[in-house]
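Peer 1: here is the input, now give the coordinates:
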Amino acid sequence: MEIEQYCWGEREGWDKDPADGRRDADLVFIFGSTPLITGSDCVARLKGVFSRARMIGCSTAGEIIGTNVSDNRLIATVVKFRATPITGASVFIHDYPNSAEATKALLARIPRQGLRHLFVLADGLLTNGSDIVRGLSEMLPVEIPVTGGLAGDGMAFKNSYVVFDGQVLSSSIAAIGFYGDHVRIGFGSSGGWVPFGPERLVTRSRGNVLSELDGQSALELYKQYLGKYADQLPAAGLHFPLSILADDKEEPFVRTIMFVDEKNKSLGFAGDVPTGSYARFMRAVPDDLIDGAAEAASISKELGGEIPELCILISCVGRKEVLKQLTEEETESVEESYLNKPVMTGFYSYGEIAPFRPGERVMLHNQTMTITTISED
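Peer 2: Residues are numbered from 1 along each chain as shown. The predicted structure is shown next:
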């Protein structure tokens, strides 16, 4: 693999001219703030230069290049493979009854023969991440892992976008498939949040809307636990997500509050909260979040090895909000986990997509660091 990176900022422009890069590149990852993805000519410029390459990316809640994290830049990571074929596709979710059916239609456009890994990005506000994962699980065997995430929009939560083959798309899902015996892809996902309080039964919910815990109003119970932070909902919910343990899952997964419905005394989360599952409140200890990022890197070594060439980091906007000035310690802990210093890119998201471990079903996560490593033998 040969890898080049380019960075564009409003004040400084390009750090180096993309026109000097490899015109025969195979793949370009693009992560940038919503204004730069939609309001600049950066995507068109990259498509013009790397016209042969597939392109995938999205708007973000923060961009990652190396161990640096920013809020208003566009990062392009350009890859030339030695012997790894790739393919890609995108769908517009409003062409289908729901996000699960849209995902199945997307997978119908991805050839299965020789498929080793699928990388998926989706609109983080107008798609249902749980439905996307459901569609992936129904269509793909566990032997074909899937990683990716949901596009962000900073702390605005208004509009998010996917980039695919030079187009900036709303309400869409896109994917890149990696093929052949030469590519080595690892992945890992971990949180580091600390549970507190008793385990509570989810007694009434519908999809991602939670109404009752132990027969009590979920919103009122949440406010009791948040105390002085209750008036800051839903933003304060980023600091206090829920750990959910469902009957069909071996490990608990995390859900983050996205909205509050005062009229119905309910909470909306960034993914489904099944009735009959068990929930616990969680809180953040910064050192534990940083250790969680390092654990995700450690898990990625099981398939990807100790010296990956490229790492794609997808971390949750909630982690960035909690860590604040310590955010780059999270990315540094990932870099330090490998024997080399791999090229790193990625973004802060509204949800992360990955299995817990190799050989397990893909899941939608919130508040995790999810890492995808790519190398060639």
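
Peer 1: show me where pLDDT drops low in the stretch 1-150 of the chain?
Peer 2: Applying pLDDT under 70 to the stretch 1-150 of the chain picks out no residues at all.

Peer 1: do a quick rundown of the strands in it.
Peer 2: Here the stretch 1-150 of the chain has its strands, by DSSP state E, counting those that start in this stretch, at 2-9, 13-14, 27-32, 54-59, 63-65, 68-70, 73-80, 86-92, 115-122, 146-150.

Peer 1: just to check, residue 204 is in contact with residue 217?
Peer 2: No - with contact defined as CB atoms under 8 Å, residue 204 does not reach residue 217; the gap is 9.6 Å. Backbone N, C-alpha and C define where each C-beta goes, glycine included.

Peer 1: CSV for the strands of the stretch 1-150 of the chain, including distance to residue 104 and mean neighbour count?
Peer 2: Converted to CSV, the strands of the stretch 1-150 of the chain look like this (distance: least, CB to CB, whole Å; neighbours: other CB atoms under 10 Å):
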stretch, distance to residue 104, mean neighbour count
strand 2-9, 32, 18
strand 13-14, 39, 12
strand 27-32, 24, 27
strand 54-59, 19, 27
strand 63-65, 31, 25
strand 68-70, 35, 17
strand 73-80, 28, 24
strand 86-92, 9, 18
strand 115-122, 13, 24
strand 146-150, 13, 28
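
Peer 1: nearest to residue 190, out of those strands?
Peer 2: The minimum distance between residue 190 and these falls on strand 146-150, with 13.3 Å, by CB to CB.

Peer 1: could you pull out the helices in the stretch 151-300 of the chain for me?
Peer 2: In the stretch 151-300 of the chain, the helices defined using DSSP state H, counting those that start in this stretch lie at 218-226, 286-304.

Peer 1: what are the contacting residues of the longest one?
Peer 2: Around helix 286-304, the neighbours that count as contacts under CB atoms under 8 Å, 6 or more residues apart in numbering are 184-194, 308, 311, 315, 319, 322-323, 326, 329-331, 333-334, 336-338, 357-358, 368-375.

Peer 1: with just CA atoms, put that helix into PDB.
Peer 2: Taking C-alpha atoms only, helix 286-304 is exported to PDB below (Å, rounded to 0.1, in the frame of the first residue of the first chain):
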ATOM      1  CA  PRO A 286     -11.400  10.300  31.400                       C
ATOM      2  CA  ASP A 287      -8.600   7.800  32.100                       C
ATOM      3  CA  ASP A 288     -11.000   4.900  31.500                       C
ATOM      4  CA  LEU A 289     -12.100   6.300  28.200                       C
ATOM      5  CA  ILE A 290      -8.500   6.700  27.100                       C
ATOM      6  CA  ASP A 291      -7.800   3.100  28.200                       C
ATOM      7  CA  GLY A 292     -10.900   2.000  26.300                       C
ATOM      8  CA  ALA A 293      -9.400   3.400  23.100                       C
ATOM      9  CA  ALA A 294      -6.100   1.500  23.700                       C
ATOM     10  CA  GLU A 295      -8.200  -1.600  24.300                       C
ATOM     11  CA  ALA A 296      -9.900  -1.200  20.900                       C
ATOM     12  CA  ALA A 297      -6.400  -1.000  19.300                       C
ATOM     13  CA  SER A 298      -5.400  -4.200  21.200                       C
ATOM     14  CA  ILE A 299      -8.500  -6.000  19.900                       C
ATOM     15  CA  SER A 300      -7.700  -4.900  16.300                       C
ATOM     16  CA  LYS A 301      -4.400  -6.800  16.400                       C
ATOM     17  CA  GLU A 302      -6.100 -10.100  16.600                       C
ATOM     18  CA  LEU A 303      -6.700 -10.000  12.800                       C
ATOM     19  CA  GLY A 304      -4.800  -6.900  11.700                       C
END
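
Peer 1: for that helix, give the mean pLDDT please.
Peer 2: In this model, helix 286-304 carries a mean pLDDT of 96.

Peer 1: over to the shortest one?
Peer 2: Per-residue confidence for helix 218-226 averages out to 90 on the pLDDT scale.

Peer 1: now do the buried residues in it.
Peer 2: For helix 218-226, burial by neighbour count (16 or more other CB atoms under 10 Å) applies to 218-219, 221-223, 226.

Peer 1: roughly how far apart are residue 109 and residue 177?
Peer 2: Plainly put, residue 109 is 10 Å away from residue 177 if you go by CB to CB, to the nearest Å.

Peer 1: how about residue 102?
Peer 2: Residue 102 is 17 Å from residue 177, by CB to CB.

Peer 1: and of the buried residues of helix 218-226, the nearest to residue 66?
Peer 2: Among the buried residues of helix 218-226, residue 226 lies closest to residue 66 (CB to CB), at 35.7 Å.

Peer 1: tell me the contacts of the closest one?
Peer 2: By CB under 8 Å, 6+ apart, the contact set of residue 226 is 232-233, 236, 240.

Peer 1: now do residue 82
Peer 2: Contacts for residue 82 (CB under 8 Å, 6+ apart) come out as 1, 182, 376.

Peer 1: please work out how many residues are found near residue 355.
Peer 2: Residue 355 sits with 21 neighbouring residues when counted by other CB atoms under 10 Å.

Peer 1: these two touch, right, it and residue 187?
Peer 2: Yes - Residue 355 lies in contact with residue 187 (CB under 8 Å); the separation is 7.2 Å.
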